[in-house]
Structure formats: structure tokens, C-alpha cells
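*Asks:* I would like the atomic coordinates for the input below:
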Amino acid sequence: MLTFKKHHLEFDPPEALQDSIKCFWYDKRISGEDSSNFEVLPDGYAEIIFYFGSTCSVSHNGILQSLPSPFIMGLLNQPVTLNSDSMEVIAIRCFPWTVFDLLGLTSGTGKGGVYLFEHPIAKLQLALQTLIESNKIEEAIAYVQEFFVNAQSQIPAESMLFKAGTAMRKAKGIIPVTEVAAAAHATVRTLERNFKQSSGHSVKDVAGLMRFEQVRNHLWHYPYANISGLAQELGYTDQSHLSREFKRYSGTTPGVFARNAKKILNNDFVAFVQS
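*Replies:* Numbers count the residues shown, from 1 in each chain. Modelled structure (predicted):
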């Protein structure tokens, strides 16, 4: 969701967190490398983001709103523009059905986007800033990991959601809701209710974002790929269906995105490509 082209490090989660967190990561943006505005495209994850250095703002209806550290970048259904100069980032990339449980929060409005919240995790900011200023990146990551291991131990296991999430991850989002429910040993109605409460989104919403992410990343790496073949491979009805969904989430067509991919790669900041 939010990554830099340079200075990027990713860290696997401890075993205890692998069902809840995709990875922990660090990144750095240096003043003067790029425009202060950068676009974040939707994907299949929610991020908890700490930043250090200059202020970070989000653009909403043309108005910049300053963001605290940390903030949550929930599942997006359209691009978001952030604004910052020099900054360093420590972030936690979470599976969307686990992020609110990890923090002991409700799913809020259920519409995704940027969440501003008060939470004990904010107390990590000062210690993390000290470690970052001392260039102790791995120690900073370990400090955050310890917090989430302790948080995870306080959460009753929700096997239904974990089973549903596992099925969706294995299928990369190319799976009917009925099969997700069967994998979770739940009815569709029960699964949807619990999924909505935990992620703020329906199973179909998240599966759609997972598929969009795959299309986006494939076109990023292979901009001359056959879009019709990609639509068939990823379970879209046809190329038109893929194009509509891609434009819905990105604001542009897959063809335009592919043509611009090489030019975008020349920038020092990239706000949407993940491994």
C-alpha cells in the first residue's frame, strides 16, 4: 500500500503473528528527491503507520489534513494522496480482518480509508523516534513486534475468521463467498456479519481488492502483458470486467497504467507496489 522505491526493508512477523500480520517494514524519504505529494493506491491490506521527520498530511476534497503518528491506512476503494517531505516510516501491514481486533477497536465506519484514533500504541512513538534517530532500525522493528505479540496474546482466537482469511489468501481472492464460508465452517450470513465487524468490509470487497492488487503488480512488472489473458487468469468475467474494476480502484484504466509504469519507476518514491 505505502512503500518507497529506495531505502525499503521488510521483516517477516514472528510465528505468533503470522495469521494477523503480513510483514513489518521500514522506509525513508529524503527531502528534494521528489514532489511532496504522492498517491497511494488500494490493495488487500490495512497498514498501521508511524512516521518521523516532517509532518504528513492527507488530501481530502483538495484540503490537506495533518495526520498524527501513528494512523491507520485501512482498505481503500479509491486512491488517496498524501503529502510529506523528508520522513522515515515504521509500519505494520495487517490482514484487514485482523487489524481492528489487534488494536481492540471497532471497525469504525466500515468504509475504509484513513483512521485517526487514540490508543496505547501511540506511546511507542517516542521510543521508536529515539531508535530511528540512532539508526537502530532492527531494534525499532523488534520493539513494535513485541507490542503486537503481547496484544495478540490478549485476543481470543477467532478460528472462523482465520480460516476464512487463509482460504482467501490461498486462492488470492479468486474464490466464491460460498467456498470461503465452507472453509470457515460457517454459513455465508454468519461469515459476512463477522467479517464486516472485523474488517469493515465484506468478503467480496476484500477479494476484489486482492485481485486488483495482483493485476496492478503484474502490469507494473510486465507492462506489455495481455490484459485479456490476465482477466481470464484472475477470474474476471472478461477484459471489460477487469478494466471496470481496475478503474474503480485506481482511477485509471489498466492500459494507461501499463503505459505509465516505466515512467513511474523512474521516480524515487513509489506509493503502491508491494512484493
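
*Asks:* Mind jotting down where the helices sit in the stretch 51-200 of the chain?
*Replies:* Using DSSP state H, counting those that start in this stretch, the helices found in the stretch 51-200 of the chain span residues 99-103, 124-133, 137-153, 159-171, 177-183, 188-199.

*Asks:* what's the angle between the third one and helix 124-133?
*Replies:* What it means is helix 137-153. 160 degrees (axes from the mean of the first three to the mean of the last three Cα atoms, to 10 degrees).

*Asks:* Using neighbour counts, pick out the buried residues of stretch 48-55.
*Replies:* Residues 48-53 are the ones in stretch 48-55 that count as buried (16 or more other Cβ atoms under 10 Å). The way it works is simple: take the backbone N, C-alpha and C, and place the C-beta from them, glycine included.

*Asks:* hang on, I meant stretch 19-39
*Replies:* 19-30, 33-34, 38-39.

*Asks:* same thing with stretch 252-263?
*Replies:* Buried residues in stretch 252-263, counted by 16+ other Cβ under 10 Å: 254, 257-258, 261.

*Asks:* Need the contact partners of it.
*Replies:* 215-216, 219-220, 223-225, 227, 242-243, 246-247, 250 (Cβ atoms under 8 Å, 6 or more residues apart in numbering).

*Asks:* rerun at 7 Å
*Replies:* Contact partners of stretch 252-263, identified using Cβ atoms under 7 Å, 6 or more residues apart in numbering, comprise 215, 219-220, 223, 227, 242-243, 246-247, 250.

*Asks:* Pull out the buried positions in the strand or helix carrying L219.
*Replies:* For L219, the host element (DSSP states H and E) is helix 203-221. By 16+ other Cβ under 10 Å, the buried positions in helix 203-221 come out as 203, 205-216, 218-220.

*Asks:* Nearest to V149 among those residues?
*Replies:* V206 (24.8 Å; Cβ to Cβ).

*Asks:* For the residue lying closest to the closest one once chain neighbours are set aside, give its distance to E245.
*Replies:* Leaving aside its sequence neighbours, V206 sits nearest to P96 (Cβ to Cβ, 6 or more residues apart in numbering; 5.8 Å). Counting by Cβ to Cβ, to the nearest Å, the separation of P96 from E245 is 18 Å.

*Asks:* In terms of neighbours, single out the busier of the two.
*Replies:* Between P96 and E245, counted using other Cβ atoms under 10 Å, the more crowded position is P96 (24 against 20).

*Asks:* Contacts only, for that one.
*Replies:* Neighbour list for P96: 45-46, 75, 199, 201, 206 [criterion: Cβ under 7 Å, 6+ apart].

*Asks:* Save those as CSV, and put in pLDDT and distance to E146 too.
*Replies:* Shown next, in CSV, are the contacts of P96 (pLDDT from 0 to 100; distance: Cβ to Cβ, whole Å):
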residue, pLDDT, distance to E146
Y45, 87, 21
A46, 87, 20
L75, 78, 26
S199, 76, 25
H201, 83, 29
V206, 89, 28
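
*Asks:* and which of those residues is nearest to G62?
*Replies:* Ranked by distance to G62 (Cβ to Cβ), the contacts of P96 are led by L75 at 23.2 Å.

*Asks:* hang on, isn't the closest one packed against A46?
*Replies:* Yes. Assessed by Cβ atoms under 7 Å, L75 is found in contact with A46 at 6.0 Å.

*Asks:* ok, these two, which is more surrounded?
*Replies:* Higher neighbour count among L75 and A46: A46, with 27 against 23, using other Cβ under 10 Å.

*Asks:* Let me know the pLDDT of the nearest residue in space to the more buried one that is not next to it in sequence.
*Replies:* Distance criterion Cβ to Cβ, 6+ apart; nearest residue to A46, sequence neighbours excluded, is V99 at 4.2 Å. Looking at V99, its pLDDT reads 82.

*Asks:* what do you get for K136?
*Replies:* For K136, pLDDT reads 95.

*Asks:* Phi and psi next, for the residue positioned nearest the centre of the chain.
*Replies:* Geometric centre of the chain, nearest residue: Y45, 3.1 Å, by Cα atoms, centre = their mean. Phi and psi for Y45, reported as degrees, to the nearest 10, are phi -130, psi 160.

*Asks:* Tell me which helix or strand E245 sits in.
*Replies:* E245 belongs to helix 239-250, assigned by DSSP H and E.
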